[in-house]
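after the sequence you'll find the predicted model.
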Amino acid sequence: MTSRTTTPPDPSDQRRHDVVVVGGGAAGLSAAVTLARSLRDVVVIDAGEPRNAPAEGAHNLLGREGVAPLELLAAGREEALGYGAQIRPGRATAARRSSDGFEVTLADGATVTGRRLLLATGLVDELPDVPGVRELWGSHVLHCPYCHGYEVRGRRIGVLGTSPNVLHQTLLLRQLSSDVTLFLHEAPEPDDEGWEQLAALGVRVVVGRVRELVHDGDGLHAVVLDDGHTFPVDAVAVQPRFVARSELYEQLGGTPTENPMGRHLTTDPTGATDLEGVWAAGNAGDLSAMVGASAAQGVMAGAVINADLVMADARAAVRERAERARAVGV
């Protein structure tokens, strides 16, 4: 399913929303449902480029195991719309703080305003620069043993070494197949304990740079080294660098956090960032979050944002009541 159900944009609609959610993936849509169920005026800005679109199915998702990613998002949009959320197609290119919240500018020049801002903008996978990796990404080239490892169980799996974490990734995949080959490529060699583990588990280790992945319309066939040696494989695992889409966060004054996996927005367990009024959910703040975890983070952020608005509204009501009392001399 590739259709996208959205709320048609109304150029005359200049009202301030309670919450602007940037990102229409699992995290953003889950937050929108949570907020709309609390009768919040919420709009989702959706660029329509889900990270998992190349994958055949989303896994480890209770009740929807193996669902096609685009089908899942279509259902999520319908649920959000059903509770009164708005979904506006477009790419958010700029964000700034205003006197009473935030202004988000879209690529078409339109501006959306809200009292609170949730960044569910996801991340970008920086893939190894090896021919064939990008072309097969999400099908025969994978990175997460939990997301897609079962689908290649028992097959010939190659692991393309690009980071010090490659030993851990290799051992996880060895759980799924007895035919695993580690291509060190750019990764450092394992320490003595690592070599012993690989040998004991029967994992082949190939030293040398990988030149390309050989593939055609029928799928992946082999890994080829710079020296021409060829190794038949059915799937290849890689370790991308995960880089959160942090442009809006940085424009608002935030500083992303670096870790061994990549770069992300720093949040507390509720999704709150170090910027007042700004939350993050999903892969923007958690580089390892799968679909289910991203959705859960969206629910948590949506609930906490609603609670924050409830308290702000209560304080405002107290101030207004006091002002009315002073005006009539009570």
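Now that the structure is in, tell me what you want to look at.

for the rest of this, base every contact and every neighbour count on C-alpha atoms.
Fine.

flag every buried residue along stretch 260-276.
Of all the residues in stretch 260-276, those buried under the rule 16 or more other CA atoms under 10 Å are 262-267, 270-273.

care to break this protein down by domain?
By the record's domain assignment, the chain is partitioned as 16-125+241-325, 128-237 (automatic domain parsing).

most tightly packed of these?
Ranked by mean neighbour count, these are led by domain 16-125+241-325 with a mean of 20 (mean count of other CA atoms under 10 Å).

same question for the helix ranked longest in the chain, mean pLDDT?
Once the chain is assigned using DSSP state H, the helix that runs over the most residues is helix 291-327. Mean per-residue pLDDT for helix 291-327: 95.

packing partners of it?
Applying 3 or more CA pairs under 8 Å, 6 or more residues apart in numbering; DSSP states H and E, we find helix 291-327 packed against helix 26-37, strand 278-280.

go again with 10 Å.
When contacts are defined as 3 or more CA pairs under 10 Å, 6 or more residues apart in numbering; DSSP states H and E, helix 291-327 packs onto strand 16-22, helix 26-37, strand 111-119, strand 278-280.

can you redo these as CSV with distance to residue 84?
Formatted as CSV, those follow (distance: least, CA to CA, whole Å):
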stretch, distance to residue 84
strand 16-22, 12
helix 26-37, 6
strand 111-119, 16
strand 278-280, 21
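
residue 58: which of the ones you listed is closest?
Relative to residue 58, the nearest member of these by CA to CA is helix 26-37, separated by 11.0 Å.

and the closest one, how far out from the chain middle?
Offset of helix 26-37 from its chain centre (CA atoms, centre = their mean, to the nearest Å): 15 Å.

just the C-alpha atoms of that helix, please, in PDB.
The C-alpha trace of helix 26-37 is given here as PDB (Å, rounded to 0.1, in the frame of the first residue of the first chain):
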ATOM      1  CA  ALA A  26       5.500   5.500  14.000                       C
ATOM      2  CA  ALA A  27       6.600   7.900  16.700                       C
ATOM      3  CA  GLY A  28       4.900  11.000  15.300                       C
ATOM      4  CA  LEU A  29       1.600   9.300  14.500                       C
ATOM      5  CA  SER A  30       1.500   7.600  17.900                       C
ATOM      6  CA  ALA A  31       2.000  11.000  19.500                       C
ATOM      7  CA  ALA A  32      -0.700  12.500  17.400                       C
ATOM      8  CA  VAL A  33      -3.200   9.800  18.300                       C
ATOM      9  CA  THR A  34      -2.400  10.300  22.000                       C
ATOM     10  CA  LEU A  35      -2.700  14.000  21.800                       C
ATOM     11  CA  ALA A  36      -5.900  14.000  19.700                       C
ATOM     12  CA  ARG A  37      -7.500  11.600  22.200                       C
END
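
does anything pack onto that helix? Which helices or strands?
strand 16-22, strand 42-46, helix 69-82, strand 86-89, strand 111-119, helix 291-327.

present these as CSV; the columns should include distance to residue 230.
Output for these, formatted as CSV (distance: least, CA to CA, whole Å):
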stretch, distance to residue 230
strand 16-22, 45
strand 42-46, 43
helix 69-82, 34
strand 86-89, 45
strand 111-119, 44
helix 291-327, 36
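
figure out which of these is closest to residue 155.
Among these, the nearest to residue 155 by CA to CA is helix 69-82 (24.2 Å).

between that closest one and strand 42-46, how big is the angle?
Per axes from the mean of the first three to the mean of the last three CA atoms, to 10 degrees, the angle that helix 69-82 makes with strand 42-46 is 160 degrees.

distance-wise, check the residue lying closest to residue 272 once chain neighbours are set aside relative to residue 16.
In this structure, residue 272 finds its nearest non-sequential neighbour in residue 279, 4.3 Å apart by CA to CA, 6 or more residues apart in numbering. Distance of residue 279 to residue 16, computed by CA to CA, to the nearest Å: 18 Å.

next one: residue 27
Using CA to CA, we find residue 27 at a distance of 22 Å from residue 16.
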